[in-house]
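**Q** from the sequence below, what's the structure:
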Amino acid sequence: MQHAVGGPLPPHERPGGTPGPVPGAGDGGRPPVPEDTPYPGTAPGAGSRPGVHPAVPHGTAAPRHPVPPSAPPHPPAPSPAGPGPGARSWGASASGGIPGHQGPGHAPAPRPPAVPGPPAAPQYPAAPPPHRAESTGHVPLPPVGAPLAPPAEHGAGTGGATLAVLLIGPAGAGKTTVARHWAQRRRVPTAHISLDDVREWVCSGFADPQSGWNEHSEAQYRLARRTCGFAARNFLANGISCIVDDAVFPDRPVVGLGGWKRHVGPGLLPVVLLPGLEVVLERNAQRSGNRRLSDEEVAAIHGRMAGWYGSGLPIIDNSTYDVETTARVLDDVLARAIASPPSW
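**A** Numbering: from 1, shown residues only. Take a look at the predicted model:
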């Protein structure tokens, strides 16, 4: 019974009606090739017959092989991911032929030349991001050293001038109370920053001033000063004046004016509040917690503050002034400092 070329043959039957194995189906169950198909790579001629390999003796059944498909004139382009398993034809090697079965004079067909693709786009280094000025939120900070605006009115104190003030004084001088009172009574927005308050933002591990001056207290002081300076510049950038109070020493650069000038700018106006020693000791006795120091330490700080005399900075002795009077005198001193800034 004849079957179409390429169709599977019926299984052979063994004696007793048992189907036998299909010849040539041991390689993945592929169908055999009909008898009249010549072996690839063998030219018909003397001593050869269709379907018999030249190395197989005459009369011996040749192994069945499927007919490899004829190669197209141009092989398909490989996929970008590369050939996967099973991409080649059965029995085909990387060169396109069957290994070990190429007859004489049958060299593998040359591959067509590769078609060059489009040239790759040139790669250029990315441009650096544009420089941005230091900012907080949406308001840029003024550069360090920017001049302060003069008062809008003359002869009326600081008036509506945008100021950056540093009120200096020993512990118990009343600088925090006076600075807050002056900021609250101005006709223009004014902020008050106390360095001692900022230092106490550190809750766990706070370097207590009563423990003395060490590397931890110095590090926390520097950090608090930078924070106050940044806040002052931010207020100034928003048109808000600022007054900061701190116990700045004339003979200790670590806690001197240089750090404040560096963080706020040369437009900062320093004023010294220095009452008598007896007043300072009395006010210190009314304090509690970290703010209260020993009498010996208060006296030592007050003695070192006396070095501001002769420094050129304005000094207010508020020994006999109340808070209201001291704040008014401070405003007058600042008005004169705007007209003739002190050299420091």
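
**Q** which outside residues touch stretch 173-192?
**A** Stretch 173-192 is contacted from outside by 158-163, 165, 167-169, 194, 196, 231-232, 235, 239-245, 273-275, 280, 283, 318, 323-324, 326-327, 330-331, using CB atoms under 8 Å, 6 or more residues apart in numbering. C-beta: built from backbone N, CA, C; applies to glycine.

**Q** try 6 Å
**A** When contacts are defined by CB atoms under 6 Å, 6 or more residues apart in numbering, stretch 173-192 is touched by residues 160, 167, 169, 194, 235, 240-243, 245, 273, 275, 323, 326-327, 330.

**Q** avg pLDDT for that stretch?
**A** Averaged across stretch 173-192, pLDDT comes to 95.

**Q** and that stretch, how far apart are its ends?
**A** Stretch 173-192 has an end-to-end distance of 17 Å (CA to CA, to the nearest Å).

**Q** got the phi and psi for Ile168?
**A** phi -100, psi 150 (degrees, to the nearest 10).

**Q** likewise Lys261?
**A** Dihedral pair for Lys261: phi -60, psi -40, per degrees, to the nearest 10.

**Q** look at Leu167 and say how many residues are nearby.
**A** Here the count is done by other CB atoms under 10 Å, and Leu167 has 26 residues near it.

**Q** that one contacts Asp245, correct?
**A** Yes. Taking contacts as CB atoms under 6 Å, Leu167 lies within contact range of Asp245: 4.4 Å.

**Q** which of the contacts of stretch 173-192 are buried?
**A** 160, 167, 169, 194, 235, 241-243, 245, 273, 275, 326-327, 330 (16 or more other CB atoms under 10 Å).

**Q** what helix or strand is Ile338 on?
**A** Secondary structure from DSSP states H and E places Ile338 in helix 323-339.

**Q** tell me the average confidence for that helix?
**A** For helix 323-339, mean pLDDT rounds to 93.

**Q** could you list every helix and strand in contact with it?
**A** helix 175-185, strand 269-273 (3 or more CB pairs under 6 Å, 6 or more residues apart in numbering; DSSP states H and E).

**Q** now tabulate these in JSON lines and tack on distance to Asn214.
**A** Supplementary listing: the helices and strands packed on helix 323-339 in JSON lines, determined by distance: least, CB to CB, whole Å:
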{"stretch": "helix 175-185", "distance to Asn214": "24"}
{"stretch": "strand 269-273", "distance to Asn214": "26"}
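
**Q** out of the ones you listed, which is closest to Trp308?
**A** strand 269-273 (4.7 Å; CB to CB).

**Q** tilt between the following helix or strand past the closest one and helix 175-185?
**A** Going down the chain from strand 269-273, the next helix or strand is helix 277-285, by DSSP H and E. Angle, helix 277-285 to helix 175-185, by axes from the mean of the first three to the mean of the last three CA atoms, to 10 degrees: 80 degrees.

**Q** pull out the buried positions in helix 277-285.
**A** Buried-residue list, helix 277-285, by 16+ other CB under 10 Å: Leu277, Val279, Val280, Arg283, Asn284.

**Q** cool, and stretch 222-234?
**A** Under the neighbour-count criterion of 16+ other CB under 10 Å, stretch 222-234 has Ala224, Arg225, Thr227, Cys228, Gly229, Ala231, Ala232, Arg233, Asn234 buried.

**Q** do stretch 326-344 as well
**A** Thr326, Ala327, Val329, Leu330, Asp331, Val333, Leu334, Ala335, Ala337, Ile338.

**Q** so what's Val329 up against?
**A** Going by CB under 6 Å, 6+ apart, Val329 touches Ile316.
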